[in-house]
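Generate coordinates for the sequence data below:
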Amino acid sequence: MAKIAATLALLMTLTASQDTGVLRIRVAMPDGSGGLIPMPRVVLLVSDNPSTSEPRRVRTSNDGTIELRLRAGSYTVESDQPVSLGGRLFAWTQTLDVIAGKEVTLDLGAVNASEDVDAGAAPATSGDAAKVFALWRDSVVEIWTPTSHASGFVIDARGLIATSHRALNGATAVDVQITAGRERLKVPGTVLLSERLTGAAIIWIDPSVAGRPIAPACTPRARAAAFKDPIMAIAAPMLAPKSLSDGSVTRVTEQAIYADLRLARDSGGAPVFDERGELIGLGAFEERREDQKRWTDAWVVPIDKVCAGVDIATSKMTGNPPRPVHLPMEPVQGSTRVEVLTPKKAAEQKRLPVSLTAADFDLTLLTPWHLQSGSTGATAKTDFANWNDYLADAPPLLVIRVTPKFEESVWRTIARGAAMTQGVALPPLPSFRANFVRMRTFCGDTEVTPIQPAMIERPIDEQKTIKEGMYVFPINALGAHCASIRLEIFSEKDPKRPDIRQIDPKLFEQVAQSPIQ
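Residues are numbered from 1 along each chain as shown. Here you go, the predicted structure:
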């Protein structure tokens, strides 16, 4: 019966594919110099002719495209709301045929647009914002610290990167990931300045890989931001394409521009522009707590504060910038196929995380797949605090988690700390043996550089913080090809003398069985 059902499903899929075609829609407008600007977030309606149901509402991606699989027939594609560009409004209504087994491309631009548009209609997207996005997105970078991810942007041709002071969370050395089109690289960066006074941080990387600075960044502006001014930001989210966010100014002070800007929390430090495309500052977040309630305020560090930080950082540029060593990165999403297993089947095949111990630490070998598939179940050990979002979206990778040993279970200790924040009186917390500092990993005699040498931080009271290691590697970086595998774990108790653990390479093969390459 199972084989018959599978055969029927395959036949139905093949029949459906024979009756359908692919419609690719591209929306792009002239940039004034002979080029075209992709229009992201344009909302369109797609309906069949004659109409048999409600129109399908779709939105263009960051590259201004949409791809749809539709049944063969006649269709009408029209604007749900117009697009504004240079003070003008544009809309489209186009009819075309989708042919079974064929690909059809519809280009929407100035040539086939109508300008006979209701001036009172609210545009779904700003073509001017799309122009800013196309102009500066390659200058926006990702910044990885041991405890956080942030956006940043090239602000000076000497290799200076601007970002938010809060986003760095005290880091003095970071990794800077640069993406321009399909080209990706990650290099080390030195934090020259990160101060609360200006709210800005300045990072130095090798200028040969920095790319084009957003300019004019530190020249006097024609006018300051004002209440209700539209603003926009280019963010480089974690494990996702760069995106355009918009909002408006809600309040302006001498130190900050407050706004209802929609930015992900891992994108602090993104460049923020006014509606004319002028750089006005960088995005930042501030967490507030009151009566056990917690919320996040978004605000903008004004560009004059950022430029003051650049001046201070310039005076600290002694010697040479960090060498542009190309660091390992996560594989591009979709480049690795993952087998879908039920938790029961995974357990039967022993495709579960591997738990080990060292002198002062507990070790767990796993992949994000174990968490995403639910094969480990929802327990305290599947909580990675500040890196939960990363592991929820990550492609197949090898993760080594290093947790300090306690006199009692670390998870019970964390629970005690959580109870204390709710006003529940508990006995004194036991001390843990040693907080994690760093780890070196060897395949035979060769040291393996991690993709992310990350840290998990958990405050358990006002004075104590548990620090765990979360070291991320390519999925097959460690395994049977290694003559031996050695971990050297350094702790706060003895930061110069490592806790050494030899591990059977076969255990890494067991953990890495989940993905299919």
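
Where do the domain boundaries of the protein fall?
Domain assignment for the chain by automatic domain parsing gives 2-123, 134-314, 337-516.

can you list those domains in TSV and add mean neighbour count?
Bear in mind the C-beta positions are built from the backbone N, C-alpha and C, glycine included. Below are the domains of the chain laid out as TSV (neighbours: other C-beta atoms under 10 Å):
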stretch	mean neighbour count
domain 2-123	15
domain 134-314	20
domain 337-516	17
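
Now tabulate these in CSV and tack on distance to residue 327 and mean pLDDT.
Below are the domains of the chain laid out as CSV (distance: least, C-beta to C-beta, whole Å; pLDDT from 0 to 100):
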stretch, distance to residue 327, mean pLDDT
domain 2-123, 25, 84
domain 134-314, 4, 88
domain 337-516, 7, 81
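
Tell me which of the ones you listed lies nearest to residue 331.
Ranking those by their distance to residue 331 (criterion: C-beta to C-beta) puts domain 337-516 first, at 5.2 Å.

Pipe the domains of the chain into CSV and attach distance to residue 324 per row.
Converted to CSV, the domains of the chain look like this (distance: least, C-beta to C-beta, whole Å):
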stretch, distance to residue 324
domain 2-123, 27
domain 134-314, 4
domain 337-516, 15
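
out of those domains, which comes closest to residue 328?
Per C-beta to C-beta, nearest to residue 328 of the domains of the chain: domain 337-516, 4.8 Å.

what's the offset of that closest one from the middle of its chain?
In terms of C-alpha atoms, centre = their mean, to the nearest Å, the centre of domain 337-516 is found 21 Å from the chain centre.

which helices and strands sit right next to the one helix or strand residue 178 maps to?
Element membership of residue 178, judged by DSSP states H and E, is strand 173-180. Secondary-structure packing of strand 173-180 (3 or more C-beta pairs under 8 Å, 6 or more residues apart in numbering; DSSP states H and E): strand 140-144, strand 183-194.

Make a markdown table out of those strands and add distance to residue 370.
Converted to a markdown table, these look like this (distance: least, C-beta to C-beta, whole Å):
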| stretch | distance to residue 370 |
| --- | --- |
| strand 140-144 | 22 |
| strand 183-194 | 25 |
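
Can you tell me which of the ones you listed is nearest to residue 20?
strand 183-194 (33.9 Å).

Just want the angle from that closest one to strand 173-180.
Here strand 183-194 runs at an angle of 140 degrees relative to strand 173-180 (axes from the mean of the first three to the mean of the last three C-alpha atoms, to 10 degrees).

Put the alpha carbons of strand 183-194 into PDB.
The C-alpha coordinates for strand 183-194 follow below in PDB (Å, rounded to 0.1, in the frame of the first residue of the first chain):
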ATOM      1  CA  GLU A 183      30.900  37.200  -3.000                       C
ATOM      2  CA  ARG A 184      31.200  36.500   0.700                       C
ATOM      3  CA  LEU A 185      34.100  36.700   3.100                       C
ATOM      4  CA  LYS A 186      34.700  37.100   6.800                       C
ATOM      5  CA  VAL A 187      37.800  38.800   8.200                       C
ATOM      6  CA  PRO A 188      39.100  39.800  11.700                       C
ATOM      7  CA  GLY A 189      38.500  43.300  13.000                       C
ATOM      8  CA  THR A 190      39.900  45.300  15.900                       C
ATOM      9  CA  VAL A 191      37.600  47.500  17.900                       C
ATOM     10  CA  LEU A 192      39.200  50.900  18.100                       C
ATOM     11  CA  LEU A 193      36.400  52.600  19.900                       C
ATOM     12  CA  SER A 194      33.200  51.600  21.700                       C
END
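
Specify the angle between whatever helix or strand comes next after it and strand 173-180 in degrees.
Sequence-wise, the next helix or strand downstream of strand 183-194 (DSSP H and E) is strand 200-204. Relative orientation of strand 200-204 versus strand 173-180 (the same axes, to 10 degrees): 80 degrees.
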